[in-house]
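1. Sharing a model that was predicted from the sequence below.
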Amino acid sequence: MESSPLASGRPLRYAVYLILITTAVASMLGRTMSVKSDRGKTPFLCANDRSRWATVRALGDLGHYSLDPVIFSRPGKRDPEWYTIDLVRHRGKDGREHYYSSKPPLFPTMLAAQYWLIKRVTGATLVERPFFVGRLMLVITNIVPLILYFVVLTWLLERSDTSDWVRLFTLSAAAWGTFLTTFAVTLNNHLPAAISVTFTLLAAYQVFFRGDSRGHWYALAGFASAFAAANELPALSFFCLCAVGFAARSLRQTVVWFIPSAGLVAVAFFATSYLAHGTLRPAYAHRKDGPAVVSIPLPAGQTAAAAQSSPDWLDDLRTAGARLSPRAAIRPSARPQRWVVWDPEVDVRWALACEGDALVMRTWDNWYEYEGSYWLPSQVRGVDRGEPSRWVYAFHVLIGHRGVFSLTPLWLLSLAGMLIWLRVDDRRLRVFAGAVLLLTVVSLAFYLLRPLSDRNYGGVACGFRWVFWCTPLWLCTMLPAVEVMRYSRAGRLAAWFCLAWSTFSASYSCLDPWSHPWIFDLWTSWGWLHY
């Protein structure tokens, strides 16, 4: 990947680059300028992005993370344009329970700063002019970074040791054949993660292929790889590999530049989590009961149902106004005989359950469990219920209705490219291919091995969105396979077919990425799927 740009054909090649990027950006702009909700009153497409938009509005207009005044038009009345199922509920700084977004707050906090600036400059708000402000923020947040993504990718392609045909094919795939451009019309964490990976690749190329060990490349790699991990949890493996790789190249530069810049992201991530929730743990980590407060042994032969009303401490709670009620299980495998003890006067909850031969009261730490929560077993529906069979889940994730390879067969070329580079003489390419292959396996395994409630294919979305951050890595490893295929007519036809198929999949949901893929819709119409 380190040859100098070829002079032959450069003007024409650059012209085609510009055409590809211009048409892709124009398409994203056109879709962004027409994006609107089902009710047509906001540019918010689904609960996932509304969760982030609600945080942006709460911070920008009210100065806090609590979503209560945003998602409810009046007490107990949900505002359908702002309400979201991606919520948690817990006690706030005022000692009362409030609703919060379940999304990590770092990215929405950054967006809130952008919203504050837009308000200052234009006077427009998300309440009064949601389309103007929302679409403007989508352009700034999604499309402008995607332009930089295309530019960096083109810069890397120009320095690759490959042919013009391969370069143009790869940029065509980036412009039209992946789901990154599909997600340009909605707030999401996948784009900033993928773009961060791209900038990390830029720094890695400078350091490892051009021998440029100046500190700013290490700083860029540390910041970008850490920000990728802040937006996509499995990208933490990418950050760790980068840290090891850059440290092996220069331990001093890594300590002086890489680690401090990554530390800035880490501090911001945990600081915003603390500001939002009063804890360093992100909201999605609060899914089970907390530490035990008290444990009461059950008398010999006495059942939990009979004993749960007898302890003196429970009588004291009732006297103080606490209420005892049966508790729903978040997971089907959860034990029965569970109760919630709630004191409405002070908004304090405890979890009460029979554990072995004792009644145990624990602090309340399951933020997804509250009245009306979508994530209760009685409420969750469709693919969100989870796939019982791990084998069926793996099938659909890889080659089924959410298939990484069935929806985007371009990634088959990437897989072949990894195998090709693993056999070349250039040690740097072997290491890079091995690292990408390892990251691919780790990312897929992370989700394939999740418990039942998390095996939901990423909910209603146009693809298996949790691995979209790998897109820049897979585009790079595609190069050697496409280079081999270009020498035969059959190979070129196969490559074009993969590009056409992938482009069709990315375009099918381009107006609303929070919709099922075409394979899902087709198989459902045939009666093969029943969700």
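-> Ah, there it is. Numbering: from 1, shown residues only.

2. Only C-alpha atoms from now on, for both contacts and neighbour counts.
-> OK.

3. give me the number of residues near V293?
-> 12 (other Cα atoms under 10 Å).

4. Just the mean pLDDT for the one helix or strand it maps to, thanks.
-> Following DSSP states H and E, one finds V293 within strand 292-297. Strand 292-297 shows a mean pLDDT of 82 in the predicted model.

5. tell me what it is packed against?
-> strand 358-363 (3 or more Cα pairs under 8 Å, 6 or more residues apart in numbering; DSSP states H and E).

6. Please list the residues outside the strand it packs on that contact it.
-> 289-298, 304, 308, 349-354 (Cα atoms under 8 Å, 6 or more residues apart in numbering).

7. so how far is that strand from its chain's centroid?
-> Counting by Cα atoms, centre = their mean, to the nearest Å, strand 358-363 is centred 35 Å from the centre of its parent chain.

8. Buried residues of that strand, list them for me.
-> By 16 or more other Cα atoms under 10 Å, the buried positions in strand 358-363 come out as A358, L359, V360, M361, R362, T363.

9. Tell me the spacing between the nearest residue to the first one once chain neighbours are set aside and W342.
-> In space, not counting the residues next to it along the chain, A358 is nearest to P297; the distance is 4.1 Å by Cα to Cα, 6 or more residues apart in numbering. Noted for P297: a distance of 22 Å to W342, by Cα to Cα, to the nearest Å.

10. So the two - more neighbours on which side?
-> W342 (20 against 14).

11. Contacts only, for the residue nearest to W257 when sequence neighbours are not counted.
-> Excluding the flanking residues, the one nearest W257 by Cα to Cα, 6+ apart is A219, at 4.8 Å. A219 is in contact with W257, F258, I259, P260, S261, A262, counting by Cα under 8 Å, 6+ apart.

12. Okay, strands next: where are they in the stretch 251-400 of the chain?
-> 292-297, 323-326, 338-343, 348-355, 358-363 (DSSP state E, counting those that start in this stretch).

13. quick one, the first one and strand 358-363 angle?
-> Pointing back at strand 292-297 there. 170 degrees (axes from the mean of the first three to the mean of the last three Cα atoms, to 10 degrees).

14. now the longest one
-> Compare the direction of strand 348-355 with that of strand 358-363 by the same axes, to 10 degrees and you get 150 degrees.

15. What mean pLDDT does the longest helix along the chain get?
-> Taking DSSP state H as the criterion, the chain has its longest helix at helix 10-34. When pLDDT is averaged along helix 10-34, the result is 96.

16. can you check stretch 250-258 too?
-> Stretch 250-258 comes out at a mean pLDDT of 97.

17. ok, now stretch 90-108?
-> Mean predicted lDDT for stretch 90-108 stands at 94.

18. which stretches of the stretch 201-350 of the chain form helices?
-> 215-231, 236-249, 251-253, 259-277, 304-307, 312-319 (DSSP state H, counting those that start in this stretch).

19. mind putting the ones you listed in a markdown table, distance to S51 included?
-> Below are these laid out as a markdown table (distance: least, Cα to Cα, whole Å):
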| stretch | distance to S51 |
| --- | --- |
| helix 215-231 | 15 |
| helix 236-249 | 23 |
| helix 251-253 | 39 |
| helix 259-277 | 14 |
| helix 304-307 | 39 |
| helix 312-319 | 36 |
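
20. Identify the farthest-apart pair in the contacts of A219.
-> Using Cα to Cα, the two most remote members of those are W257 and A262, lying 8.7 Å apart.

21. That's all I had, so thanks and see you.
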